[in-house]
Every structure is written in structure tokens, then in C-alpha cells.
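Colleague: Give me coordinates for this.
(one chain, ligands or ions: 1)
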Amino acid sequence: MSDKDFESVHFQLKQLADGVYAAIATEDGLAYSNAAIINMGDQTIVMDSFNSIEAGRDLREAAEVLFDRAVSKLIISHPHDDHWNGNAAFDESTTILSTPAVLTAMQETAKEWQEDKENPDEYQKWIQGMKDRLSTEEDPRWQVGLERSIKLYEHVLATLPDFELRLPDETFQGNQTFVGTKRKVELISVGPVHSTDDCYLVLPDDGIVFLADIGFFRMQPFMGFCDINAWRKQIDHQLAGEYEVFVPGHGDVGGKAELAELRKYMDAMEKLVSETLSEVDEEAARQVEPPAPFDAWLMGGMGRLEANINYLIKHLQGQEDTTKPN
Ligand SMILES: [Zn+2]
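Modeller: As a prediction, the model looks like this:
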């Protein structure tokens with residue numbers, strides 16, 4: 001089938017090889033993050049299920065339409081729930097897999113969801129706080145981000161009473177290899193990189209890597225709970241490697257150029273925050289902005305910048321939180 005045979009408002013399907021698709025989140029849909037759909041020949045493997053059940057349903061349908069069978073395995077790349085809030089769109093014919101650490105983090109998030117369901121007032125107040133800020137905010141870069149967040153979380157609040165979570169059925173530790181009749185997929189488990197526990201998929205015969213959130217292309221990465229040195233090591237490993245096609249967790253499909261750009265952003269921000277901390281003070285370090293060309297990524301991305309600076313200050317002061325949940 002061609003790329004155009006399955007349409008969703010939540011994502012765009014991109015065929016990367018025969019039987020290999022990237023589902024790339026649209027700006028206005030409810031997917032928010034990207035997913036992988038892979039035909040193994042005798043079964044279908046999917047990685048990640050998006051940020052909502054609505055988008056997850058379309059993902060499942062796309063996989064079923066593409067390969068005419070149920071999805072056998074759904075692999076969860078890391079604990080951030082924008083990659084697995086759509087799990088409940090998949091039924092028991094799909095086995096959901098994650099590492100034990102990701103399962104533990106998901107169980108914590110499931111508890112929080114339950115609390116929000118029982119007491120939506122807090123959630124409502126939090127959204128109201130963003131609306132109040134938007135009404136006085138004059139920086140368009142913040143305005144765009146706040147508008148997007150308010151829209152997203154108002155949808156979450158409206159659908160909260162019916163929201164269901166599905167947790168993994170099985171866990172794995174370390175690298176795994178899946179061999180189908182059509183291709184081989186390697187699941188590489190790297191521990192704390194972008195989050196407290198990350199994995200990604202390599203299709204060695206196709207030269208394609210589904211990086212999950214080790215990749216953010218043409219946008220700022222989210223570094224809030226990362227290990228910057230481990231992350232750089234993973235990027236360098238791919239830059240030195242033989243594969244040329246990379247699917248990020250956020251942003252469009254890219255190659256080594258996009259990976260190198262991501263690393264440059266991380267290096268530039270670390271340098272800037274570090275110099276400002278030592279030459280001026282922490283207050284000034286909280287106000288830094290990335291140099292060109294990365295300043296173009298700030299439209300709608302000021303919240304992420306704030307989280308990244310916050311992380312870098314802690315990292316540079318040697319105060320990284322080792323008990324962080326995500
Ligand atoms: Zn993430």
C-alpha cells in the first residue's frame with residue numbers, strides 16, 4: 001500500500017522500507033509523539049502508542065489495515081506517558097512489553113491518573129493556572145506553548161472519566177532480538193539516557209533506527225529527567241555507526257545531520273548555562289536562550305527550555321536527583 005491509504009488526523013504514516021512505517025505525530029492531533037509499525041513477516045511489532053487512546057486506536061487500525069492482522073507486540077520505549085497513554089486501544093491479542101523499571105514508573109503514573117479521576121478539581125486548577133498566565137503573557141513564544149498545552153490538557157480533562165490505562169503484560173531486561181520470516185529487529189536497552197530507562201529499535205538489514213526519545217529532530221529535546229553524558233554517548237554511537245535513517249520520538253524522520261544538530265544544541269546549552277553560572281549567577285543562568293540556529297526552536301518551546309535549564313543547573317551543580325520518578 002502507499003503512504004496515503006491510511007489517514008489519521010493524529011499522525012502521518014511514512015513508509016521507510018517494505019513493511020516498515022514511522023507514524024509521525026501531526027502538530028494538531030492527539031498523538032504528540034511518534035510510533036513504529038513493523039511487519040516481521042509472521043507478526044506485527046509496534047513501538048509506543050502515543051499520548052491518547054484516540055491516537056492509539058488509529059495506530060492499531062493502521063497496523064491492522066497495513067498487514068491484515070492483529071499487532072502481536074507493543075514495545076514501550078521509556079516511562080514518559082506521552083508514549084503509552086494509548087495502550088488501552090490495544091486488546092489482549094497484543095502483548096505489551098517493557099523493562100521492569102518502565103513498568104514500575106507506569107504503575108506510579110497509573111496511581112496518579114486514578115487520583116486525577118477521583119479529584120479532577122486539582123487538574124482543573126492547574127489548567128486554570130495556565131489560562132491565567134496566558135491572559136497576561138506578552139511573549140508570543142510562551143503564548144504558543146501555553147495555548148497548545150491548554151488545548152491538550154483540556155482534552156485530557158474532558159475524557160478523564162472514561163480514560164483507561166493498560167500496563168505491560170511482560171517485562172524484558174537487556175537487549176532482545178526478534179526474528180520474523182521477513183526481517184530481524186534488535187531491541188537495544190540502554191538504561192538512563194533521556195529518561196530513567198530507555199530502549200530503541202534497530203532494523204539492521206534495513207539500516208533504520210527507531211530512536212524513541214533519544215531523538216528529537218528540528219526541535220529542542222526534553223532534558224528534564226535525562227543523563228546528558230549517557231545521552232551524548234548514545235548519539236555519538238549512532239553518528240559513528242552504519243545506519244543512516246533515524247526516526248526520533250519527536251519530530252520528523254531524519255539522518256545523522258539531525259542527530260548531530262541535537263547534540264550541538266545540548267553542548268551549546270550546557271556551555272552557556274555553565275559559563276553564565278560561573279561568570280554571573282544562577283538567576284542569570286535561568287534566563288539564557290540558545291544561540292542561532294536553535295533560537296528558531298523557541299516558538300512554543302519556552303516551557304521545555306525552562307525544564308532543560310533547570311536540569312542543566314542541577315547537573316552542573318552536582319545536584320542531580322537520583323530519586324527522580326521519570
Ligand atoms: Zn520522553
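Colleague: Going by C-alpha atoms from here, please, whenever you check contacts or count neighbours.
Modeller: OK.
Colleague: For the residue lying closest to Val20 once chain neighbours are set aside, which three-state class applies?
Modeller: Of all residues beyond its chain neighbours, the one nearest Val20 is Ile38 (4.8 Å), with distances taken as Cα to Cα, 6 or more residues apart in numbering. When classified by DSSP: H, G, I helix; E, B strand; the rest coil, Ile38 comes out as strand.
Colleague: where's Ile38 relative to Asp206, distance?
Modeller: The spacing between Ile38 and Asp206, counted by Cα to Cα, to the nearest Å, is 11 Å.
Colleague: Would you mind telling me which of these two has the busier surroundings?
Modeller: A direct count of neighbours by other Cα atoms under 10 Å for Ile38 and Asp206 places Ile38 higher, at 23 against 17.
Colleague: The more buried one touches Ile45, doesn't it?
Modeller: Yes - counting by Cα atoms under 8 Å, Ile38 touches Ile45, with 5.2 Å between them.
Colleague: Overlap in contacts, the two.
Modeller: Counting by Cα atoms under 8 Å, 6 or more residues apart in numbering, no residue touches both Ile38 and Ile45.
Colleague: pLDDT of stretch 111-129, averaged?
Modeller: Confidence over stretch 111-129, taken as the mean pLDDT, stands at 91.
Colleague: residues of it that come out buried?
Modeller: By 16 or more other Cα atoms under 10 Å, the buried positions in stretch 111-129 come out as 113-114, 116-117, 120, 123, 127.
Colleague: One more: stretch 288-303?
Modeller: Neighbour-count burial for stretch 288-303 [16+ other Cα under 10 Å]: 289-290, 294, 297-298, 300-302.
Colleague: for stretch 208-225, same thing?
Modeller: Neighbour counts over stretch 208-225 (16+ other Cα under 10 Å) mark 208-225 as buried.
Colleague: cool, and stretch 192-200?
Modeller: The neighbour-count check on stretch 192-200 (16+ other Cα under 10 Å) flags 192-200 as buried.
Colleague: what do you get for stretch 18-38?
Modeller: By 16+ other Cα under 10 Å, the buried positions in stretch 18-38 come out as 19-26, 29-38.
Colleague: pLDDT of that stretch, averaged?
Modeller: The predicted model gives stretch 18-38 an average pLDDT of 96.
Colleague: what's that stretch in contact with?
Modeller: Stretch 18-38 is contacted by residues 9-16, 39-40, 44-52, 54-56, 59, 63, 82-83, 152, 210, 212, 247-253 when judged by Cα under 8 Å, 6+ apart.
Colleague: ok, the residue lying closest to Gly41 once chain neighbours are set aside - contacts?
Modeller: Among residues not flanking Gly41 along the chain, Lys182 sits closest, at 4.4 Å (Cα to Cα, 6+ apart). By Cα under 8 Å, 6+ apart, the contact list for Lys182 reads 39-42.
Colleague: Dump stretch 200-214 to PDB, keeping only the CA atoms.
Modeller: Output of stretch 200-214 as PDB, limited to C-alpha atoms (Å, rounded to 0.1, in the frame of the first residue of the first chain):
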ATOM      1  CA  TYR A 200      15.200   1.700  21.000                       C
ATOM      2  CA  LEU A 201      14.800  -0.500  17.900                       C
ATOM      3  CA  VAL A 202      17.400  -1.300  15.200                       C
ATOM      4  CA  LEU A 203      16.400  -2.900  11.900                       C
ATOM      5  CA  PRO A 204      19.900  -3.900  10.800                       C
ATOM      6  CA  ASP A 205      19.000  -5.200   7.300                       C
ATOM      7  CA  ASP A 206      17.000  -2.100   6.600                       C
ATOM      8  CA  GLY A 207      19.500   0.400   8.100                       C
ATOM      9  CA  ILE A 208      16.800   2.000  10.100                       C
ATOM     10  CA  VAL A 209      16.800   3.000  13.800                       C
ATOM     11  CA  PHE A 210      13.700   3.900  15.700                       C
ATOM     12  CA  LEU A 211      15.300   6.000  18.500                       C
ATOM     13  CA  ALA A 212      12.300   6.900  20.500                       C
ATOM     14  CA  ASP A 213      13.200   9.900  22.700                       C
ATOM     15  CA  ILE A 214      16.900   9.500  22.200                       C
END
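Colleague: Which of the contacts of stretch 18-38 fall in helices?
Modeller: With helices taken from DSSP state H, the overlap with those comprises 54-56, 59, 63, 152.
Colleague: quick one: which of those residues is most hemmed in?
Modeller: Compared across the ones in helices among the contacts of stretch 18-38, Leu59 has the highest neighbour count, 29 neighbours, by other Cα under 10 Å.
Colleague: what's around the closest residue to that one other than its chain neighbours, how many residues?
Modeller: Using Cα to Cα, 6+ apart and skipping residues adjacent in sequence, the residue nearest Leu59 is Ser49, 7.2 Å away. Neighbour count for Ser49, taken as other Cα under 10 Å: 33.
Colleague: wait, doesn't Ser49 sit right on Gly56?
Modeller: Yes - here Ser49 lies in contact with Gly56, judged by Cα under 8 Å, at a distance of 5.2 Å.
Colleague: intersection of neighbour lists for those two?
Modeller: Common neighbours of Ser49 and Gly56 are listed as 85-87 (criterion: Cα under 8 Å, 6+ apart).
Colleague: Using a markdown table, lay out the residues you listed together with secondary structure, pLDDT and distance to Ser93.
Modeller: Listed next are those as a markdown table, based on DSSP: H, G, I helix; E, B strand; the rest coil; pLDDT from 0 to 100; distance: Cα to Cα, whole Å:
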| residue | secondary structure | pLDDT | distance to Ser93 |
| --- | --- | --- | --- |
| Asn85 | coil | 95 | 18 |
| Gly86 | coil | 96 | 15 |
| Asn87 | helix | 97 | 12 |
